[in-house]
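A.B. asks: quick one: sequence plus predicted model below, questions after.
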Amino acid sequence: GENVEQHPSTLSVQEGDSAVIKCTYSDSASNYFPWYKQELGKRPQLIIDIRSNVGEKKDQRIAVTLNKTAKHFSLHITETQPEDSAVYFCAASMAGANNLFFGTGTRLTVIP
Amino acid sequence: DSGVTQTPKHLITATGQRVTLRCSPRSGDLSVYWYQQSLDQGLQFLIQYYNGEERAKGNILERFSAQQFPDLHSELNLSSLELGDSALYFCASSVDYGPYGYTFGSGTRLTVV
């Protein structure tokens, strides 16, 4: 099955700085890559996703980039705010599969 | 409120016992997925049901089973519980059987003592 690795496991940034979280995947057949944000004690919430026919997608302060050749994708958060503090999970899904394979998460702390 | 309802929110039980976790999907969603999240771990896929039928299975232990009922709610049964089964159990739902646009419920925190 698919193996998703996520780095770093923890990340601290000053408010207003950018944050980048990187993930790699193992199966070249994977074609869907969502990112989830999980605040403490809450459910994971989808914040952005990208499909393999697209190289980059933006939504306000967040963006995701995908490099299919290198099998890695990244989440970029610009102008970070304290409310961005949470655990972020990347995930991948293979074509024809019904489930997601998740990374182990990155705990982002935005320091005011 | 995501529209996916999970009960109970918290469950404390002893080793060897059996528990049932319940999930009601968002209105209109036919797929229900169960995931396990252990401490400091990512989410591990357990099982998926679509419109009452099992569609995919992940690393689900034989002690665990699930079903989806005609009203589309799903139950995850965990038996012969061990300390290591302590985790957050999330249910997610989606309109069809693909992984797109999952909506997660708030989870059930299971503590086995």
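C.D. replies: Cool, got the structure.
A.B. asks: separation between residue A:43 and residue B:107?
C.D. replies: 6 Å (C-beta to C-beta, to the nearest Å). Yep, even glycine has a C-beta here, placed from its N, CA and C like the rest.
A.B. asks: ranges for the strands of chain B?
C.D. replies: For chain B, the strands defined by DSSP state E occupy B:5-7, B:10-13, B:19-24, B:31-37, B:43-50, B:53-57, B:64-68, B:74-78, B:87-94, B:103-104, B:108-112.
A.B. asks: do the same with chain A
C.D. replies: A:4-7, A:10-14, A:19-25, A:30-38, A:45-51, A:56-59, A:62-67, A:72-77, A:86-94, A:101-102, A:106-111.
A.B. asks: need those strands in JSON lines (columns: mean neighbour count and mean pLDDT).
C.D. replies: What follows is the strands of chain A, written out as JSON lines (neighbours: other C-beta atoms under 10 Å in any protein chain shown; pLDDT from 0 to 100):
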{"stretch": "strand A:4-7", "mean neighbour count": "18", "mean pLDDT": "96"}
{"stretch": "strand A:10-14", "mean neighbour count": "13", "mean pLDDT": "98"}
{"stretch": "strand A:19-25", "mean neighbour count": "20", "mean pLDDT": "98"}
{"stretch": "strand A:30-38", "mean neighbour count": "22", "mean pLDDT": "95"}
{"stretch": "strand A:45-51", "mean neighbour count": "17", "mean pLDDT": "94"}
{"stretch": "strand A:56-59", "mean neighbour count": "12", "mean pLDDT": "94"}
{"stretch": "strand A:62-67", "mean neighbour count": "18", "mean pLDDT": "97"}
{"stretch": "strand A:72-77", "mean neighbour count": "21", "mean pLDDT": "97"}
{"stretch": "strand A:86-94", "mean neighbour count": "24", "mean pLDDT": "94"}
{"stretch": "strand A:101-102", "mean neighbour count": "24", "mean pLDDT": "93"}
{"stretch": "strand A:106-111", "mean neighbour count": "17", "mean pLDDT": "97"}
